[in-house]
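Undergrad: Mind folding the following:
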Amino acid sequence: MKSSFQIGRAYSICRKEVRHIVRDPFTMGLAIGMPLLMVLFFGYAMDFNVHDIDLTVYDQDHSRASRQLAETFQSSGYFNIHYRDLDANLAKTLDSQQARGVLYIPPQFEKNMSREGTATAQVLIDGSDNSTAGVIGGYLSGIQTAAIQKITGQTLAQPVSVATRYLFNGELDSRWFTVPGLSVVVLAILGIMLTALTVAREWENGSMEMLLSTPVTPLEIIIGKLFPYLVMGFMGQIIIYLTARLLFGVPFAGSHILLFVGTLLFLTACMSQGLIISVTTRHQIAAIQFSQTLGQLPAMMLSGFVFPVESMPVFFQYFTMIFPARWYMVIVRGLFLRGAGVTELAGPLLILLGMDIVFITMAVKFFKKDVEP
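TA: This next block holds a predicted model:
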């Protein structure tokens, strides 16, 4: 006859797991070191703002106006100007990777400007990296306006004036966007991997047989093993939060209570998935492989961290809904930059709660008390 759930037995398993974690430097290092290293590495490495663009200038006019046009590119802060003699094939400069772009100023540029009021210059951009090329192309409109004002000394009259104001991230700092999203990636990998190893390790070491010889229920084992890793997951989130605020200057406009609730629900969902993996595989190598597949790939590719969900094909927009990382990404970015409230985040929070119930139920169901798989 199966015994009923008792909180005391779950607490004993939790205390045993805590002692094991304290004696295991790898687990402690993974829980504390990985969040800090990943945030520092990706926070500095991932910058969607393009700077220091090498631009080769072929100036065939050698006039005051042509020099002012080139200087406008230089003074924008995005381009590094390099003057060179004319090459018959302008694309050769891009083919040889000598520059990311080419500015060709034809002869009679200044004369055409003063006589006809218009002059033409050509900009060639390396389109092999379409994301970078798109950003560079976006710079050209502002540079063109600045160049006209600098060369003619006049401001063009516009029949319609459109003033653009960016809300929530006025400077369009990409780190304000990427660093909060990194918490989703880090916690997904950390949560699934830590718990995926715990039960699988005990099966390999033979200690699970001893635990199953006692009148303990699967739910007591799951809760006892889940709680210590939830605490470690919150430690990782605190490290990420402090690094984002103090080192990268990312603002936080939302409620810390909502961040706590969202993090709790997300970690529970991830760690429940890890327990499902561990109780079904019973081998650490297989558990690591499955945890990377379910943790890293969805968090990086299908959560909206790199690619906006709205830009994906319709099938993948719906497919991302089955992953907790997609909903936690909405919560984190909404809280950090927009100061989203309970009404806006109620949907993602309820979905994560539903996932917690489903995953924990599956873990209890899949947990076999027999020694043989």
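Undergrad: Okay, now the unreliable bits of the chain?
TA: Low-confidence segments of the chain, defined by pLDDT under 70, are located at 1-3, 47-48, 86-91, 131, 154-167, 170-172, 208-209, 212-213, 368-373.
Undergrad: pull the longest helix from it.
TA: helix 174-205 (DSSP state H).
Undergrad: mind listing what's buried in it?
TA: Using 16 or more other CB atoms under 10 Å as the test for burial, helix 174-205 gives 175-203. Backbone N, C-alpha and C define where each C-beta goes, glycine included.
Undergrad: Same check on stretch 118-125?
TA: Applying 16+ other CB under 10 Å to stretch 118-125 flags Ala119, Ala121, Leu124, Ile125 as buried.
Undergrad: measure Pro35 to Leu267 for me?
TA: To Leu267, Pro35 is 12 Å away according to CB to CB, to the nearest Å.
Undergrad: So for these two, which sits in the more crowded spot?
TA: Leu267 (29 against 26; other CB atoms under 10 Å).
Undergrad: domain assignment for this protein?
TA: 7-46+173-366, 53-152 (automatic domain parsing).
Undergrad: okay, those, which one's buried deepest?
TA: domain 7-46+173-366 (a mean of 19; mean count of other CB atoms under 10 Å).
Undergrad: that's a helix at Ala133, yeah?
TA: Yes. Read with DSSP: H, G, I helix; E, B strand; the rest coil, Ala133 is one of the residues of a helix.
Undergrad: so which strand or helix has the nearest residue to Phe323 once chain neighbours are set aside?
TA: Leaving aside its chain neighbours, Phe323 sits nearest to Pro298 (4.2 Å; criterion: CB to CB, 6 or more residues apart in numbering). For Pro298, the enclosing helix or strand under DSSP states H and E is helix 284-301.
Undergrad: what does the next helix or strand after that helix contact?
TA: Where DSSP H and E defines the elements, the next helix or strand beyond helix 284-301 is helix 314-319. Under the contact criterion CB atoms under 8 Å, 6 or more residues apart in numbering, helix 314-319 has outside partners Leu302, Val309, Glu310.
Undergrad: Equivalent analysis for stretch 56-72, please.
TA: 73, 81-87, 90, 93, 98-99, 101-110, 113, 119, 121, 143, 146-147, 150-151.
Undergrad: Using PDB, list the CA coordinates for that stretch.
TA: Taking Å, rounded to 0.1, in the frame of the first residue of the first chain, the C-alpha atoms of stretch 56-72 are listed here in PDB:
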ATOM      1  CA  THR A  56      36.700  53.200 -48.400                       C
ATOM      2  CA  VAL A  57      36.300  56.500 -50.100                       C
ATOM      3  CA  TYR A  58      37.100  57.000 -53.800                       C
ATOM      4  CA  ASP A  59      37.100  60.800 -54.200                       C
ATOM      5  CA  GLN A  60      37.300  61.700 -57.800                       C
ATOM      6  CA  ASP A  61      36.300  65.300 -57.300                       C
ATOM      7  CA  HIS A  62      38.800  66.400 -54.600                       C
ATOM      8  CA  SER A  63      36.700  69.400 -53.900                       C
ATOM      9  CA  ARG A  64      35.500  71.100 -50.700                       C
ATOM     10  CA  ALA A  65      32.000  69.500 -51.100                       C
ATOM     11  CA  SER A  66      33.400  66.000 -51.600                       C
ATOM     12  CA  ARG A  67      35.600  66.300 -48.500                       C
ATOM     13  CA  GLN A  68      32.600  67.500 -46.400                       C
ATOM     14  CA  LEU A  69      30.600  64.600 -47.600                       C
ATOM     15  CA  ALA A  70      33.300  62.100 -46.500                       C
ATOM     16  CA  GLU A  71      33.700  64.000 -43.200                       C
ATOM     17  CA  THR A  72      30.000  63.600 -42.500                       C
END
